[in-house]
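Asks: Sequence first, then the predicted structure:
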Amino acid sequence: MADIKLLRLTDVMQKTGFKKSWIYLLINQGGFPPAVKIGSRSVAWVESEVNAWIAERINKREESLK
């Protein structure tokens, strides 16, 4: 299995520029990768999934500019 890096909420917020409430709203709407439960009271996001989500947004922007 490839190296998998997990991001905590603060890292996801920094990467996306979104606040906590917006991230969770997007998750509930199916518009953002869901978190992975890593403990009884902690979650994290798979970095590659977050990066893919960001790349998808960039690709959509570039397609709309054509």
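Replies: Cool, got the structure. Keep in mind it's a predicted model, so treat the numbers as computed, not measured. Numbering: from 1, shown residues only.
Asks: Show me which residues of the helix or strand containing I23 are buried.
Replies: Element membership of I23, judged by DSSP states H and E, is helix 20-28. Residues I23 are the ones in helix 20-28 that count as buried (16 or more other C-beta atoms under 10 Å). Placement of C-beta: from N, CA and C, glycine included.
Asks: what about it, distance to the chain center?
Replies: Centre-to-centre, helix 20-28 and its host chain are 10 Å apart (C-alpha atoms, centre = their mean, to the nearest Å).
Asks: which helices and strands sit right next to that helix?
Replies: helix 9-16 (3 or more C-beta pairs under 8 Å, 6 or more residues apart in numbering; DSSP states H and E).
Asks: which residues sit against the helix it packs on?
Replies: 7, 18-20, 23, 43-45, 50, 54 (C-beta atoms under 8 Å, 6 or more residues apart in numbering).
Asks: and A52, what does it touch?
Replies: P33.
Asks: How many residues are close by R8?
Replies: 14 (other C-beta atoms under 10 Å).
Asks: Could you check how far it is from R57?
Replies: Taking C-beta to C-beta, to the nearest Å as the measure, R8 falls 21 Å from R57.
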